[in-house]
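Novice: Give me a 3D structure for the following:
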Amino acid sequence: MKRPQGISLFGMIAIVLILVAVAFVVLMLIGQAVGVMLFSKPCIAEVKVSGEIVDQAPESSIFSPEPPPTASEIIKLIDSANNRSDVKAIVLYVDSPGGEVIPSREIYEHVKNSQKPVVAYFRSTAASGGYYSAVGADYIVSEPETITGSIGVRATTLSLSGLFDRLGVNYTNVVSGDLKDMGDVNHNLTEKERVVFQSIIDEVFNEFKDTVYENRQGRPRFSDEKFNEVLDARILTGRQAYEIGLVDELGNEDRAFEKAAELADVQEYSKCEITPNRGVFSSLLEGLTKPIQVNVNLNTGLEKKVEVKYT
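Specialist: Numbering: from 1, shown residues only. Model (predicted):
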């Protein structure tokens, strides 16, 4: 019995359509992988710096909220935007109170050395390390009410010696030198320890101050006198930062994209947010393996006694 020709033709058409659809999807995926968005306008990429700036994300599981991107992830996103041919400029969305010193500086360096124009946009908070990470941008747009500034460094120590005495806790360190346990919770800072810590804070602060000055000098409204007035690490509103010349313009996120397009000399563009590639399976694997990780370090003994941060 002969097979009806109509069914065979319909089947062939269906197969061809499926193959065309699959080929199109594959081409789109390949295009995205190499940074070429097929059939799209030039793109202004958005990279977010949110939450505390850290080297490593806090412990999490598939049941907890996804933490903000770490400094290394942010750096990879900036590099990815620079390597994509469809991306013409970058908007660095900053909503951060600051964080660790080295990660903040590393983000700054990649922003400063970006091959494509970078416009920083300050949302609710862009203070201390949040400001430092963005000061290398070509242009800074801030909301009028943004909390920014706080150009300074802080080290925090905690002493529980009085509590230990009340509880009868015997807490003893055996050290090779009288400064090996400086900042330990078992005693208050001695004057000698305070001098050492202050020298560290002053050194890190001077680098922060010099970096801001290098990137903002010559900008409208910026002057040495105004800048020196806020080096007491005070926080500022976006309006106050604008008057001092620490930001270039007051505006919203749309204005930041418009300015990025101007710097890139593109008339029409689409917005593309670049986010860390965190899969469900990688998060699950990370959550399962964390409890059995063992770290062996030759450390300074400061990891839980003192923190030096841009906050």
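Novice: where does residue 260 fall, phi/psi-wise?
Specialist: Residue 260 has phi and psi values of phi -60, psi -40 when expressed as degrees, to the nearest 10.
Novice: ok, so what distance separates it from residue 45?
Specialist: Computed as C-beta to C-beta, to the nearest Å, the residue 260 to residue 45 distance reads 9 Å. C-beta: built from backbone N, CA, C; applies to glycine.
Novice: just residue 175 next, same as before
Specialist: 50 Å.
Novice: Look at those two and report which has more neighbours.
Specialist: More neighbours surround residue 45 than the other of residue 175 and residue 45, with 24 against 11 (other C-beta atoms under 10 Å).
Novice: so which helix or strand takes in the more buried one?
Specialist: Per DSSP states H and E: residue 45 is located in strand 43-50.
Novice: How far away from the center of its chain is that strand?
Specialist: Relative to the chain's own centre, strand 43-50 is displaced by 10 Å; criterion: C-alpha atoms, centre = their mean, to the nearest Å.
Novice: what is in contact with residue 260 and residue 45 at once?
Specialist: By C-beta atoms under 8 Å, 6 or more residues apart in numbering, residue 260 and residue 45 have these common neighbours: 89-91.
Novice: which ones among those residues are found in strands?
Specialist: Of those, the ones assigned to strands by DSSP state E are 89-91.
Novice: Throw those residues into JSON lines and include pLDDT, neighbour count and distance to residue 253, thanks.
Specialist: Output for these, formatted as JSON lines (pLDDT from 0 to 100; neighbours: other C-beta atoms under 10 Å; distance: C-beta to C-beta, whole Å):
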{"residue": "89", "pLDDT": "98", "neighbour count": "25", "distance to residue 253": "14"}
{"residue": "90", "pLDDT": "98", "neighbour count": "29", "distance to residue 253": "13"}
{"residue": "91", "pLDDT": "98", "neighbour count": "26", "distance to residue 253": "8"}
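Novice: Check those residues against residue 181 and report the nearest one.
Specialist: Using C-beta to C-beta, residue 90 comes nearest to residue 181 of these, at 44.8 Å.
Novice: Just list the residues touching that closest one, thanks.
Specialist: Shown in contact with residue 90 (C-beta under 8 Å, 6+ apart): 44-47, 78, 81-82, 114, 116-119, 260.
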